[in-house]
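S.K.: Here is my input, please return the structure:
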Amino acid sequence: MSVAVIGSGAFGTALAVSLAAKGPVTLWGRETGWAAAGENPRLPGVPLPASLIVTKELKDITAPTVLLALPAQSLGGFLTDHGARLDRRNLVSCAKGIDLTTLTGPSALIASACPHATVAVLTGPSFAADIARGLPTALTLACADAAAAEILQRQLSTASLRLYRTTDVTGAELGGALKNVIAIAAGAAIGAGYGDSARASIVTRGFAEMTRLAVTLGARPETLGGLSGLGDLVLTCTSEQSRNFRYGLALGAGSEFAPGTTVEGAATARAVSRLAEGLGIEMPISNLVAGLAQGSIVMEHALDFLLKRPLKEE
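M.R.: Coordinates of the predicted model:
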């Protein structure tokens, strides 16, 4: 069974390269001129395998299983334009975020635009460079249809990419989205010079926030304790390979972040703040990140924002 990947950024390309070891893969992107050079400039040193076809024509995406590796805030618009073409297939979201317009995750956007598709989510602790270079990586594959999940698990696992399946789409998707928000806060703490103890506190209390919101929305707590929640949280809060963590570092240090770089957690923090407010859920770290990202809170006041909250039980 052939596979296609929509989205030729670093992560989409990395997945395509990994899966091409098992058979033909088609990779779609808006700009594909780099393919002639044999590698994606976003993944330097990673050669494109012969079994990988790169195209900018959506008509070439004919595979029954399609991975959607587009930014969370771009996915809705893409599906509005092209959802009908993708319906009745296995559609696997690889985005990690909450849509600012609908306040829903990518799986809901896909289900709305493609009502006859089998929808799944691929998420967990991973960096594109690691996957592309064949370094061992474990991810979560979430699909409400247990039988479809088993088929997709076998199809998308490789010698170095091990997938664990779950039917808890809500938990897996929210874990991947919310950890980006906490990673920004962790980076800001380090960038501001607050130290590793402060980062550990943010990771721990951030995980409590993630779990609180996810369970309220119907997730299973154990999902948040797995790869898609805690595993991804640990990775992104401790490595400068994470764009969200690096963005937080820049916020904390008061320096400019690379313009044009997609930082999923910044938009997601704004969506989370609105979502949590409507549900009456306390999300102080997420609210702080939303404020920092929008400029309504300055870093000099960030510590007071958290430390002057009322004392409470853990």
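
S.K.: Leaving out chain neighbours, which residue sits closest to residue 53?
M.R.: Excluding the flanking residues, the one nearest residue 53 by CB to CB, 6 or more residues apart in numbering is residue 26, at 4.8 Å. Any C-beta I mention is one placed from the backbone N, CA and C, and that applies to glycine too.

S.K.: Same question for that neighbour, what's its three-state structure.
M.R.: strand (DSSP: H, G, I helix; E, B strand; the rest coil).

S.K.: What count of nearby residues applies to it?
M.R.: Number of residues near residue 26 (other CB atoms under 10 Å) recorded here: 21.

S.K.: Equivalent analysis for residue 55, please.
M.R.: 16.

S.K.: so who does it touch?
M.R.: Going by CB atoms under 8 Å, 6 or more residues apart in numbering, residue 55 touches 26-28, 32, 61.

S.K.: got a winner among these for most neighbours?
M.R.: residue 27 (30 neighbours).

S.K.: Distance of it relative to residue 131?
M.R.: From residue 27 across to residue 131, the span is 14 Å (CB to CB, to the nearest Å).

S.K.: Do a quick rundown of the strands in the stretch 51-200 of the chain.
M.R.: Using DSSP state E, counting those that start in this stretch, the strands assigned to the stretch 51-200 of the chain run over residues 52-55, 65-68, 90-93, 118-123, 137-143, 161-166.

S.K.: what pLDDT does residue 308 get?
M.R.: Note on residue 308: pLDDT of 68.

S.K.: now the one 4 residues further on
M.R.: Turning to residue 312, the model gives it a pLDDT of 75.

S.K.: Nearest residue to residue 52 in space, ignoring adjacent ones along the chain?
M.R.: Distance criterion CB to CB, 6+ apart; nearest residue to residue 52, sequence neighbours excluded, is residue 20 at 4.3 Å.

S.K.: no no, residue 156
M.R.: Closest residue to residue 156 apart from its sequence neighbours, by CB to CB, 6+ apart: residue 163 at 5.9 Å.

S.K.: contacting residues for residue 35?
M.R.: Counting by CB under 8 Å, 6+ apart, residue 35 has contacts 48, 54.

S.K.: tilt between the lengthiest helix in the chain and strand 137-143?
M.R.: Longest helix in the chain, counting residues (DSSP state H): helix 169-191. Angle, helix 169-191 to strand 137-143, by axes from the mean of the first three to the mean of the last three CA atoms, to 10 degrees: 140 degrees.

S.K.: could you dump helix 169-191 to PDB, C-alpha only?
M.R.: The C-alpha trace of helix 169-191 is given here as PDB (Å, rounded to 0.1, in the frame of the first residue of the first chain):
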ATOM      1  CA  VAL A 169      -7.300  10.700  19.600                       C
ATOM      2  CA  THR A 170      -8.200  13.600  21.900                       C
ATOM      3  CA  GLY A 171      -5.500  12.800  24.400                       C
ATOM      4  CA  ALA A 172      -2.800  12.200  21.800                       C
ATOM      5  CA  GLU A 173      -3.600  15.300  19.800                       C
ATOM      6  CA  LEU A 174      -3.800  17.600  22.900                       C
ATOM      7  CA  GLY A 175      -0.600  16.200  24.300                       C
ATOM      8  CA  GLY A 176       1.300  17.200  21.100                       C
ATOM      9  CA  ALA A 177      -0.300  20.600  21.000                       C
ATOM     10  CA  LEU A 178      -0.100  21.700  24.600                       C
ATOM     11  CA  LYS A 179       3.500  20.600  25.100                       C
ATOM     12  CA  ASN A 180       4.600  23.200  22.600                       C
ATOM     13  CA  VAL A 181       3.100  25.900  24.900                       C
ATOM     14  CA  ILE A 182       4.900  24.600  27.900                       C
ATOM     15  CA  ALA A 183       8.200  24.400  25.900                       C
ATOM     16  CA  ILE A 184       8.000  28.100  25.200                       C
ATOM     17  CA  ALA A 185       7.600  28.800  28.900                       C
ATOM     18  CA  ALA A 186      10.600  26.500  29.700                       C
ATOM     19  CA  GLY A 187      12.700  28.200  27.200                       C
ATOM     20  CA  ALA A 188      11.800  31.600  28.500                       C
ATOM     21  CA  ALA A 189      12.800  30.600  32.000                       C
ATOM     22  CA  ILE A 190      16.200  29.600  30.800                       C
ATOM     23  CA  GLY A 191      16.600  32.600  28.500                       C
END
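
S.K.: coming back round to it: who are the neighbours in contact with the residue nearest to residue 156?
M.R.: Contacts of residue 163 (CB under 8 Å, 6+ apart): 122, 138-141, 153, 156-157.

S.K.: Between the residues you listed, which sits nearest residue 2?
M.R.: Using CB to CB, residue 156 is the member of the contacts of residue 163 that lies nearest residue 2, at 12.1 Å.

S.K.: what about the closest one, how many neighbours?
M.R.: Other residues within reach of residue 156, judged by other CB under 10 Å, total 22.

S.K.: Quickly note the distance from it to residue 259.
M.R.: Counting by CB to CB, the gap from residue 156 to residue 259 is 34 Å.
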